[in-house]
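> Fold the following and give me the result.
(one chain, ligands or ions: 1)
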Amino acid sequence: MPIFAPHLTKYRTLTTFNDLGLNASVLSAISELGFENPTPIQEKSIPVFLENERDILGLAQTGTGKTAAFGLPLLQLVDFNAKQTQALIICPTRELCMQISRDLTTYSKHMQGVRIVSVYGGASINGQIEDLRRGAQIIVATPGRLIDLMSRRAVNIKTISYVVLDEADEMLNMGFREDIEGILSVTPDEKRVCLFSATMPKEIRSIANQYMKNPVEISVGKANSSNANISHEYAVVHAKDKYAAFKRILDFNNESFYGIIFCTTKHETQDISDKLIRDGYNADCLHGDLSQGQREKVMSRFRHKAIKILLATDVAARGIDVSDLTHVIHYHLPDDIENYTHRSGRTARAGKLGTSIALLNVREFYRLREIEKLTNIKFNRVMIPSAMEVRDKKLLAFIDTINSTEIEESFFDDVVEKHLKPILELDKAELMKKMLSLELRRFSAEYMNGPDLNVAERGAAGSRTEGGSNETYGASRGTRLFVSIGQKDGLNVGSLKDFVSNVTEIPNANIYRVDVKGVYSFINVDAEQVEKVMTTLHGSEYKGRQVRVEVSGNESAGGRTRSGGDRGSRGGYGGDRGGRSYGGGDRGSRGGYGGDRGSDRGGRSYGGDRDGGSRGGYSGGGDRRRSEGSRGGDSGFSGARRRTEGSGRRRDF
Ligand code: AMP
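Numbering: from 1, shown residues only. Predicted structure coming up:
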């Protein structure tokens, strides 16, 4: 089982597990797992569970450490000297069922006599009946299978003292309400109930009112809001270009992409997966037509990263518990808005950072607004990178890999040297070209000549609001600043705001439109605060790195693109409203290439050397165009710059 403790240190809780009232055997199991501090939901739930007689209604997303939040106190409260079933954990999917029982087994490894049995659909019921016959103090079950087992009298839940309903909103979405009510109605009145849900729709409240007694309400994060470590993005393309746009996202992210792509139908899932495989990607799919065996095989390959691109329907993806996904992609938005939170919650688990991208065609755009309203999520538009940008990114990564590879001398014995001879006879440039051609073989002429895939959002101009304010997306509010630190420095929206506020003494609320990317970020501050930011934040240090701040041209509301030259000028959206190109910088790239390119083309590469800056990074590589109205060259922090009128076309850097 992976250990996620280093990431969870960002919760910065002062409480330790020792403070929560847990006994020695539980404590030693979790310390062996590397859990150093409780997560917020654990900190709040465990003492209540242990000390109180009250029910618990917990609002928490997946990946927040819920299983240990209810599992650890449960293991302490259940009497393992007795044989009868005392606790029942109900959850929506077999994967989650298996995961919970695996976790509980690990947490109870220093206890004697523990019997945990999991029962779920899609597996032989007879084996499960056998397991139950041998006794289980804790049963972990999916609702349908449990009802089935109850009707066969294979399980007795009349004696239980604890019921946990995990991912209750998912269970309702999946139509399990009747089953859950059927189960709860057979359990004794004096039991304790603990219900966890990522969202709190009316139906959950109604279950809580009916089956729980004056529950303690515990919430981590805001109701219906999403994990702050997820960057919510969207791109708008024509329906016919979706697949091409998706491939560019994959190509742009290179090897670092590890994600789930949500499709609407089994057919679409299979179809895109087949196409990807044909196009040379390492992909597979999960949908309802697969047998349990096939499903488990796909999941195991995905978990072990033998495949890093998984296409799935909502139903098939339920219960997938993989902790370090970098991306969730919505090939279509879900019909049920609540599902958006569930989908995107598959990334950024256990304190990590993740990106959720909705690939929209023009007709789908209104659905995004609905999701925004309901969930309070702030979406940022990103631009699908041009084919050339993708190629450049690949090139930089390739050059970086070659540069940073250590030569393993011991590998070069006489035989190898002999085989190498024909290659060594090639001249340097020829060899390089051959290697590059290999690396970039996917970039056929067709790909390279591919058009700009971004389209304007119909009816979107001037009407898209952000964060509940009346601010028009694309209109000027405050001044957009580039800040040279980002996700790779361990920052998220909250921590960047805190840092900027500490250094500049500008209140947190006056730092807005914070957009944290890989190696850099953007923030907006009111125009009169810019000078203050420049004198305090610019030149300050974050974790030993010098922070650079630059006024970001006319991007006060729109962002940026990375296109070079005149390429991409067809995108009306990008020019007028300032789109931000997808992806952002790659910290690993070396600056030399970016620098040369920057000066040739009057552009710059985000891939520039972040430490040096002068070798083609943000400030040094070539002149930059900037728009009227922004800070001039007297600022002392800009390089050689050329001013241009800034509207009407995509900006290049
Ligand atoms: P869950 O929300 O229960 O699915 O947990 C998400 C992941 O976080 C799981 O892989 C857990 O093993 C891990 N985890 C849970 N609690 C902690 C903790 N206090 N410290 C470190 N990792 C944890």
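> how long is stretch 325-332 from one end to the other?
19 Å (CA to CA, to the nearest Å).
> And the contacts of that stretch?
242, 246, 249, 253, 256-264, 268, 272, 311, 340, 343-344, 346-347, 349, 354-359, 364 (CB atoms under 8 Å, 6 or more residues apart in numbering). In this view, the C-beta of every residue, glycine as well, is placed from N, C-alpha and C.
> tell me the domain ranges of this structure?
6-219, 230-386, 388-449, 478-551 (automatic domain parsing).
> What is the end-to-end distance of the shortest one?
The one in question is domain 388-449. 8 Å.
> Quick check: mean pLDDT of that domain?
For domain 388-449, mean pLDDT is 81.
> Please renumber the chain so that the first residue is 407 from this point on.
Sounds good: first residue 407 from here, last item domain 794-855.
> Might you calculate how far that domain sits from the centre of the chain?
Relative to its parent chain, domain 794-855 has a centroid offset of 32 Å by CA atoms, centre = their mean, to the nearest Å.
> which non-adjacent residue is nearest whichever residue of the stretch 507-656 of the chain sits closest to the ligand?
The nearest approach of the stretch 507-656 of the chain to the ligand comes at Asp509, 6.5 Å away (CB to the nearest ligand atom). Nearest residue to Asp509 in three dimensions, chain neighbours excluded: Thr473, at 4.8 Å (CB to CB, 6 or more residues apart in numbering).
> go on, Glu674?
Per CB to CB, 6+ apart, closest to Glu674 is Tyr737, 7.2 Å.
> Retrieve the pLDDT associated with that neighbour.
So, for Tyr737, pLDDT stands at 95.
> Pull the number of nearby residues for the residue in the stretch 857-1006 of the chain positioned nearest to the ligand.
Nearest to the ligand in the stretch 857-1006 of the chain, going by CB to the nearest ligand atom, is Gly896, at a distance of 16.2 Å. Gly896 is flanked by 14 other residues according to other CB atoms under 10 Å.
> Please determine how far it is located from Arg847.
Distance, Gly896 to Arg847, using CB to CB, to the nearest Å: 36 Å.
> now Asp680
In terms of CB to CB, Asp680 sits 21 Å off from Arg847.
> Pull up the gap between Asp461 and the ligand, please.
20 Å (CB to the nearest ligand atom, to the nearest Å).
> Does that residue touch Met618 like I think?
Yes: with contacts counted by CB atoms under 8 Å, Asp461 reaches Met618, the gap being 4.3 Å.
> Which residues are in contact with each of those two?
Shared contacts of Asp461 and Met618 (CB under 8 Å, 6+ apart): Val599, Leu601.
> Contact residues of the stretch 807-956 of the chain facing the ligand?
Nowhere does the stretch 807-956 of the chain come near the ligand, counting by CB under 6 Å from any ligand atom.
> Where do the helices of the stretch 807-956 of the chain begin and end?
With helices called from DSSP state H, counting those that start in this stretch, the stretch 807-956 of the chain shows them at 820-830, 834-845, 851-854, 899-910, 936-942.
> Averaged pLDDT, the last one. What do you get?
Yep, that's helix 936-942 we're talking about. The model assigns helix 936-942 a mean pLDDT of 91.
> what helices or strands is it leaning on?
With contacts defined as 3 or more CB pairs under 8 Å, 6 or more residues apart in numbering; DSSP states H and E, the packing partners of helix 936-942 are strand 885-889, helix 899-910, strand 955-957.
> Kindly present those as a markdown table, with separate columns for mean neighbour count and mean pLDDT.
What follows is these, written out as a markdown table (neighbours: other CB atoms under 10 Å; pLDDT from 0 to 100):
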| stretch | mean neighbour count | mean pLDDT |
| --- | --- | --- |
| strand 885-889 | 24 | 85 |
| helix 899-910 | 18 | 91 |
| strand 955-957 | 23 | 84 |
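> Between the ones you listed, which one is closest to Asp742.
When those are compared by CB to CB, helix 899-910 sits nearest Asp742, at 26.4 Å.
> these two touch, right, Thr753 and Thr747?
No: Thr753 is not in contact with Thr747 according to CB under 8 Å; the separation is 11.8 Å.
> More neighbours: which of these two?
Set Thr753 next to Thr747 and count neighbours by other CB under 10 Å: Thr753 wins out with 27 against 24.
> And Val642, its phi and psi?
phi -120, psi 120 (degrees, to the nearest 10).
> Would you mind giving me the confidence score for it?
We have a pLDDT of 91 for Val642.
> How about the one 3 residues further on?
At Ala645, the predicted lDDT confidence score is 89.
> where in the stretch 957-1059 of the chain is pLDDT low?
959-1059 (pLDDT under 70).
> would you list every one of the helices in the stretch 507-656 of the chain?
With DSSP H, counting those that start in this stretch, the ranges of helices along the stretch 507-656 of the chain come out as 531-539, 549-557, 574-579, 583-592, 608-617, 648-659.
> Using CSV, write down the CA coordinates of the longest one.
Once non-C-alpha atoms are left out, helix 648-659 reads as follows in CSV (Å, rounded to 0.1, in the frame of the first residue of the first chain):
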residue,chain,number,x,y,z
LYS,A,648,-12.5,16.5,-29.9
TYR,A,649,-10.4,13.5,-30.5
ALA,A,650,-7.6,15.5,-32.0
ALA,A,651,-7.7,18.0,-29.2
PHE,A,652,-7.6,15.2,-26.7
LYS,A,653,-4.6,13.7,-28.3
ARG,A,654,-2.8,17.1,-28.2
ILE,A,655,-3.4,17.2,-24.5
LEU,A,656,-2.0,13.7,-24.1
ASP,A,657,1.0,14.6,-26.3
PHE,A,658,1.6,17.9,-24.6
ASN,A,659,1.8,16.2,-21.2
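> Asp895 contacts Arg951, doesn't it?
Yes: the pair Asp895 and Arg951 passes the contact test of CB under 8 Å, sitting 6.9 Å apart.
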